[in-house]
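Participant: need a structure here:
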Amino acid sequence: MKYTEICHFSHPHHRLRLEYTEFPFKCDGCKEVGIGSHYRCSSCDFDLHVHCAVPSPTICHPFYTKCSFQFLSRPPGHVPRYCNACEKDVSGFLYHCRSCGFDLHPCCAKLPMVLDDGEVKLHLYRKVSSSCHRCGRKGRSWSYRSTCKRYNLHVACVREMLAESWSDVYGGGRGKVGTIGGGSTRRPLETRIPSLKNTLQTPHSKRRGKVKKCCEMAGLALQFVISAVLGDPTALIAGVIGSLMSHG
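Facilitator: Next up, the predicted model:
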């Protein structure tokens, strides 16, 4: 449930307001990038994913039926930990299973099992045997696969693509119009959503019409997964994601 304003233990001095942005931000809770709906303190430049701001104290996940995940504000122990969904490091808020030792980023823990807009339906799997459209490899992390089984994308690959495109945000920058690296120079973020050019290994058929349709459908699948990974699968960043295919 989304509230217009909330108080949060991680930012006790000011209330956080529910806002929407088409620019990426770095969540001050889980330390991962987000976009779309989020909670923000404009005075302090403090942002939280909705999943981080209003977490469930405990969750169960269909991929780990014997686990009970608890929400924690920081990783337990002193050993580096990684998310079992996307394979990225865990350095902030997380869901942790004490008995199995599994960890999930809040946004990864809440990834929808099905993404569907009427044109493309993608199902989340823990492991699939088909090759990823991004890296061309099998297995690896959780994956979204289309019902027709033509399109498969590792959650880890989408994370990596975002990290490459938004290195400033992942590296500690804010990823919005503002100071870069603590200096006084201000510049807008050049790319809000990463371009799809040369990112997908789409198997092309010989007929040009089918080639275009294949790329469009693969691109649409990627749009969905990007939105879900960034914590706002319902918004799909309308208008911005829709222009992805024309970027080059």
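
Participant: what's the distance between the spatially most central residue of the chain and residue 69?
Facilitator: The C-alpha lying nearest the average C-alpha coordinate of the chain belongs to residue 229 (Cα atoms, centre = their mean; 2.0 Å). Between residue 229 and residue 69 the distance is 18 Å, computed by Cβ to Cβ, to the nearest Å. (Glycine included, C-beta is placed from N, CA and C.)

Participant: same deal with residue 131?
Facilitator: Distance from residue 131 to residue 69, counting by Cβ to Cβ: 30 Å.

Participant: So for those two, which sits in the more crowded spot?
Facilitator: Using other Cβ atoms under 10 Å as the criterion, residue 131 and residue 69 rank with residue 69 on top: 22 against 15.

Participant: I'd guessed that one sits against residue 108; true?
Facilitator: No. Using Cβ atoms under 8 Å, residue 69 is not in contact with residue 108, being 10.9 Å away.

Participant: how about residue 12, secondary structure?
Facilitator: Under DSSP: H, G, I helix; E, B strand; the rest coil, residue 12 falls in the strand class.

Participant: State the number of residues packed around it.
Facilitator: Using other Cβ under 10 Å, residue 12 is surrounded by 8 other residues.

Participant: ok so, going back, which residues are in contact with the residue nearest to the centre of the chain?
Facilitator: Contact analysis of residue 229 by Cβ atoms under 8 Å, 6 or more residues apart in numbering lists 86, 107-108, 111, 155, 158-159, 162.

Participant: again, only using 6 Å
Facilitator: residue 158 (Cβ atoms under 6 Å, 6 or more residues apart in numbering).

Participant: Per-residue pLDDT of it, please?
Facilitator: You'll see residue 229 listed with a pLDDT of 89.

Participant: Now it: phi and psi?
Facilitator: phi -60, psi -30 (degrees, to the nearest 10).

Participant: where's it relative to residue 159, distance?
Facilitator: As judged by Cβ to Cβ, residue 229 and residue 159 stand 6 Å apart.

Participant: Which residue ranges of this protein form helices?
Facilitator: Counting by DSSP state H, the chain has helices at residues 50-53, 106-109, 155-165, 167-170, 208-229.

Participant: got the ones you listed as JSON lines, with distance to residue 98 columns?
Facilitator: Shown next, in JSON lines, are the helices of the chain (distance: least, Cβ to Cβ, whole Å):
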{"stretch": "helix 50-53", "distance to residue 98": "20"}
{"stretch": "helix 106-109", "distance to residue 98": "15"}
{"stretch": "helix 155-165", "distance to residue 98": "24"}
{"stretch": "helix 167-170", "distance to residue 98": "29"}
{"stretch": "helix 208-229", "distance to residue 98": "26"}
